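Student: Okay, here's the prediction I keep looking at, along with the sequence it came from:
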Amino acid sequence: MLSSGKKAKFDNARSAFAATARRRGGHVRDALRALLPQQCVLCATACGSALMCVRCEATMPWLGAACPRCALASPGDALCGRCLATPPPYARTIAAWRYAFPADRLLQALKYEGRLALADPLGDALGAAVVARGDLPDVLVAMPLSRVRQRSRGFNHAHEIARRVACRACVPLVGGLARVRDAPPQAGLALRERTRNVRDAFAATRSFAGLRVGLVDDVMTTGSTLGAAARALLAADAGSVDALVVARTPPPGRKSGSEIHLRMA
Ligand SMILES: [Zn+2]
Ligand SMILES: [Zn+2]
């Protein structure tokens, strides 16, 4: 057990290494990680060069059989009735996890507490899901924040995740999508209100002619925001848009959660 003084020095050294690595790119960072002892982001167990220990990884709320278009649970991965009746603008949705404990805690810690290091395990999980689904997009685009929101938060969590996905899936991450209007918060709104709320909130600033675009965000709830952003990309001539999210919110009333002790390192 390290004393708190020694631990602070050790943490500082780790942070310095991590900062250097971030500047020099993902490969250098991975090489440094292999040399430094890592702790699981959930239980703080030493886990070599991995970011999450095998035991915690096994307890994550993995998605399971789901509709290929909207990623809601669907037996045999069949297209669901809602997507058959009203196809969303995105061609596929790929998610690593359901939005349930402890995935929700990790995503909240990244977004609201600025724990940027968590973008790596989250991006790894999504990257693995994207590669496993196959038929990779040509480019990745991160869900943008408005200029005001980005300035106040200091970072875009979707961009941090997308950077890692790009590295894992070997697909370039590009710009070209802007959030031109900050809609009021979506929470508490019904689907129709959410859709109206984000209409015209996005605009492409370049052509995506013929490109299959992977649009990266942290969570898909109703799909209204991702749908609005996908429409803007399609209006800029994207060949297709896939929604790539770390976690998919289950329909209301279907919660899950394996209560493991959460001690985020
Ligand atoms: Zn663990
Ligand atoms: Zn569906």
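Tutor: Nice, I can see it. No experiment lies behind these values; they were computed from the predicted model shown. Ligands and ions are numbered 1, 2, ... in the order given.

Student: Look up the closest residue to residue 198, ignoring the ones flanking it.
Tutor: In space, and not counting its chain neighbours, residue 198 is closest to residue 228: 4.2 Å by C-beta to C-beta, 6 or more residues apart in numbering. In this view, the C-beta of every residue, glycine as well, is placed from N, C-alpha and C.

Student: do the same with residue 247
Tutor: Per C-beta to C-beta, 6+ apart, closest to residue 247 is residue 99, 4.1 Å.

Student: these two touch, right, that neighbour and residue 108?
Tutor: No: the pair residue 99 / residue 108 is not scored as a contact, 10.2 Å apart, by C-beta atoms under 8 Å.

Student: Settle it for me: which of these two has more neighbours?
Tutor: Each of residue 99 and residue 108 has its neighbours counted (other C-beta atoms under 10 Å); residue 99 has more, 21 against 14.

Student: wait, is residue 44 part of a strand?
Tutor: No: looking at residue 44 with DSSP: H, G, I helix; E, B strand; the rest coil, it is coil, so not inside a strand.

Student: buried stuff in the helix or strand where the residue nearest to residue 198 lies?
Tutor: Assigned by DSSP states H and E, residue 228 belongs to helix 224-235. Neighbour-count burial for helix 224-235 flags 224, 225, 226, 227, 228, 229, 230, 231, 232, 233, 234 (criterion: 16 or more other C-beta atoms under 10 Å).

Student: Nearest to residue 66 among those?
Tutor: For these, the residue nearest residue 66 by C-beta to C-beta is residue 226; the value is 15.3 Å.

Student: quick one: that closest one and residue 143 touch, right?
Tutor: Yes: contact criterion C-beta under 8 Å: residue 226 and residue 143 qualify, at 7.2 Å.

Student: any residues in contact with both of these two?
Tutor: 215, 217 (C-beta atoms under 8 Å, 6 or more residues apart in numbering).

Student: Tell me how far stretch 161-181 lies from the chain's centre.
Tutor: Computed by C-alpha atoms, centre = their mean, to the nearest Å, the separation of stretch 161-181 from the middle of its chain amounts to 10 Å.

Student: And stretch 149-156, by the same measure?
Tutor: Centre to centre, stretch against its chain (C-alpha atoms, centre = their mean), the figure for stretch 149-156 is 17 Å.

Student: for it, which positions count as buried?
Tutor: Within stretch 149-156, the residues that count as buried by 16+ other C-beta under 10 Å are residue 156.

Student: Pull that stretch out as PDB, backbone CA atoms only.
Tutor: C-alpha atoms of stretch 149-156 as PDB (Å, rounded to 0.1, in the frame of the first residue of the first chain):
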ATOM      1  CA  ARG A 149     -21.300  24.200 -24.600                       C
ATOM      2  CA  GLN A 150     -17.900  23.100 -25.800                       C
ATOM      3  CA  ARG A 151     -16.400  26.300 -24.300                       C
ATOM      4  CA  SER A 152     -18.100  25.900 -20.900                       C
ATOM      5  CA  ARG A 153     -17.300  22.100 -20.700                       C
ATOM      6  CA  GLY A 154     -13.800  22.400 -22.100                       C
ATOM      7  CA  PHE A 155     -14.000  19.200 -24.100                       C
ATOM      8  CA  ASN A 156     -16.300  17.200 -26.200                       C
END
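
Student: quick one: terminal-to-terminal distance for stretch 167-179?
Tutor: One end of stretch 167-179 sits 24 Å from the other (C-alpha to C-alpha, to the nearest Å).

Student: what's that stretch in contact with?
Tutor: Contacts of stretch 167-179 with the rest of the structure, by C-beta under 8 Å, 6+ apart, involve 26, 123-124, 127-128, 130-131, 136-147, 149, 159, 162-163, 165-166, 201-206, 208, 214-215, 229, 232-233, 236.

Student: what mean pLDDT does that stretch have?
Tutor: Average pLDDT, stretch 167-179: 97.

Student: Which parts of it count as buried, going by neighbours?
Tutor: Burial within stretch 167-179, assessed by neighbour count using 16+ other C-beta under 10 Å, is assigned to 167, 168, 169, 171, 173, 174, 176, 177, 178, 179.
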